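Colleague: give me coordinates for this.
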Amino acid sequence: MSQASDFDKIIDRSHQNSDKWGKYSGDVIPMWVADMDFDSPQCIKDALTQRVEEGVFGYTYASKSLVNSIQGHCQARYDWMPSAAHFVHLPGLVCALHLAVRALSEAQDRIIVPSPVYYHLTKAPEMSDRKLDRIPFVLKGNRWSVDLKSFEYSCKKADAKMILLCNPHNPGATVYSKEELLAIHDIAQRYDLLVISDEIHCDLILTSAQHIPFASLNDDASQRTITLMAPSKTFNIAGLGYAFAVIANTKLRQRFNQAREALIPAPNLLALVAAEAAYRDGQAWHESLLDYLRGNLCFIKERIANTKIRMAEHQATYLAWLDVREYHLENPHDFFVKAGVGISDGEGFGAAGFIRLNFGCSRTQLEQAMNRILIALESMS
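Modeller: Prediction:
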């Protein structure tokens, strides 16, 4: 079976205790959480099968071969070779975001976050008694971009401590350009701010844009940045629980690790096995996935072309950010659930009137969902 037909395959997840598929009852297609409906790469399934057959599941540490696989992946895709000594292995990226805020800032410090954004980047400051400044994304041409004037205004406040970036941005699908990253770095350096860079979607670039790890910009950026990455979104292994941080600054890494040891467990052994297989052997599957997602993105653009739905330039992720404000829906989430499609409401990210649609699924499922969405909107006129 070809890779393309693998992505076309319909997989019944109703018996898997799936968060995605268990949220809604009745005939609702779930297109909300960032969890794809594709079979994971065969290389991962083979590696897991082999490890399970060994039959012993004791405490396990991250191997040198895992780190080597990640380094090779980063070198090949981003021309960035993080040192093995700078890695911190984690059971997930969300807990790492919260940990970084709590370990590296104090109560009432100001945290700057470009928004609308994945809600844990705002919950991390809010849940730890920090001040939160949301910096608006604005449309420049047809691309979402951070308002640098507002950004600097917040960063120069006396109590500003930390910047939380999401690159590629979720939602909005923007890949920060080198020029934008250098401008942000210039501000961070001038006001001596830490940068926590959530780069979990970095392997899901769907255009000619190039992902640039913030820490790779220069030596100063490397020393003030905690980079967070994971194979979970790209290789569809979120349920296994593995992420990693790259922290070049020794003092920051020590503070982060000291806080981590008291609160966060090590990744489980199957997560480590899956991550290594993904980064070592998953390249062909990865490229096929990107091709399929590009096709799904084109399909969405074609279907909304003659509607009042608006979508800015989509550079990365399988999460379409759709502006439905012209329909004046009182509750977009409930409206589309009633139509049979479970989307993420933009209000949860800080942008009422938008919806986020996960197109990491078979073309058949996407077509069914888009049909339901468009029929429901057409029925309003």
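
Colleague: output the longest strand seen in the chain as CSV, restricted to C-alpha atoms.
Modeller: In the chain, assigned by DSSP state E, the strand with the most residues is strand 131-140. In CSV, the C-alpha atoms belonging to strand 131-140 read as follows (Å, rounded to 0.1, in the frame of the first residue of the first chain):
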residue,chain,number,x,y,z
LYS,A,131,1.0,39.3,34.9
LEU,A,132,0.0,38.5,31.3
ASP,A,133,0.4,40.8,28.3
ARG,A,134,-1.3,39.6,25.2
ILE,A,135,0.3,41.1,22.1
PRO,A,136,-2.0,41.2,19.1
PHE,A,137,-1.3,39.5,15.9
VAL,A,138,-2.3,41.7,13.0
LEU,A,139,-2.8,41.0,9.3
LYS,A,140,0.1,42.3,7.2
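
Colleague: tell me how far that strand lies from the chain's centre.
Modeller: From the chain centre to the centre of strand 131-140 is a distance of 18 Å (CA atoms, centre = their mean, to the nearest Å).

Colleague: quick one: strands adjacent to it?
Modeller: strand 110-115 (parallel), strand 143-146 (antiparallel) (DSSP bridges).

Colleague: so which residues of the stretch 251-381 of the chain form strands?
Modeller: Here the stretch 251-381 of the chain has its strands, by DSSP state E, counting those that start in this stretch, at 319-323, 341-342, 344-345, 354-358.

Colleague: ranking those strands by burial, who's on top?
Modeller: Mean neighbours per residue, mean count of other CB atoms under 10 Å, is largest over the strands of the stretch 251-381 of the chain for strand 354-358, with a mean of 25. Every C-beta, even on glycine, is put in place using the N, C-alpha and C of the backbone.

Colleague: coming back round to it: pipe the strands of the stretch 251-381 of the chain into TSV and attach distance to residue 33 and mean pLDDT per row.
Modeller: Formatted as TSV, these follow (distance: least, CB to CB, whole Å; pLDDT from 0 to 100):
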stretch	distance to residue 33	mean pLDDT
strand 319-323	10	98
strand 341-342	9	98
strand 344-345	7	98
strand 354-358	7	98
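
Colleague: mind putting the ones you listed into CSV with distance to residue 170?
Modeller: Output for the strands of the stretch 251-381 of the chain, formatted as CSV (distance: least, CB to CB, whole Å):
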stretch, distance to residue 170
strand 319-323, 6
strand 341-342, 18
strand 344-345, 10
strand 354-358, 8
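
Colleague: whichever helix or strand residue 195 is part of packs against which elements?
Modeller: Assessed by DSSP states H and E, residue 195 sits inside strand 194-198. Contacts defined by 3 or more CB pairs under 8 Å, 6 or more residues apart in numbering; DSSP states H and E place strand 194-198 against helix 93-104, strand 160-166, helix 178-190, helix 219-224, strand 225-229.

Colleague: follow-up on the earlier one: so the longest strand of the chain versus strand 160-166, what angle?
Modeller: Relative orientation of strand 131-140 versus strand 160-166 (axes from the mean of the first three to the mean of the last three CA atoms, to 10 degrees): 40 degrees.

Colleague: so residue 169 touches residue 137, yeah?
Modeller: Yes - between residue 169 and residue 137 there is a contact under CB atoms under 8 Å: 7.4 Å.

Colleague: okay, and the common contacts of the two?
Modeller: 114, 144 (CB atoms under 8 Å, 6 or more residues apart in numbering).

Colleague: neighbour count: these two, which is higher?
Modeller: residue 169 (26 against 22; other CB atoms under 10 Å).

Colleague: check contacts around the more buried one.
Modeller: Counting by CB under 8 Å, 6+ apart, residue 169 touches 114, 117, 137, 144, 175, 176.

Colleague: pLDDT and distance to residue 218 added to these, as CSV?
Modeller: Below are these laid out as CSV (pLDDT from 0 to 100; distance: CB to CB, whole Å):
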residue, pLDDT, distance to residue 218
114, 98, 21
117, 98, 25
137, 96, 25
144, 98, 25
175, 98, 19
176, 98, 15
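
Colleague: could those residues be laid out in CSV, adding distance to residue 209?
Modeller: Shown next, in CSV, are the contacts of residue 169 (distance: CB to CB, whole Å):
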residue, distance to residue 209
114, 17
117, 19
137, 16
144, 13
175, 4
176, 9
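
Colleague: make a ChimeraX selection of the buried ones in those.
Modeller: Only the buried entries of these go into this ChimeraX selection, using 16 or more other CB atoms under 10 Å:
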select :114,117,137,144,175,176
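
Colleague: nearest to residue 150, of the contacts of residue 169?
Modeller: residue 114 (9.3 Å; CB to CB).

Colleague: need the contact list for the closest one.
Modeller: 134, 135, 136, 137, 146, 151, 165, 166, 169.

Colleague: okay, now the fifth one: neighbour count?
Modeller: Looking back up the chat, that one is residue 146. 22.

Colleague: partners of it in the sheet?
Modeller: Beta-bridge partners of residue 146, counted by DSSP bridges, are residue 137.
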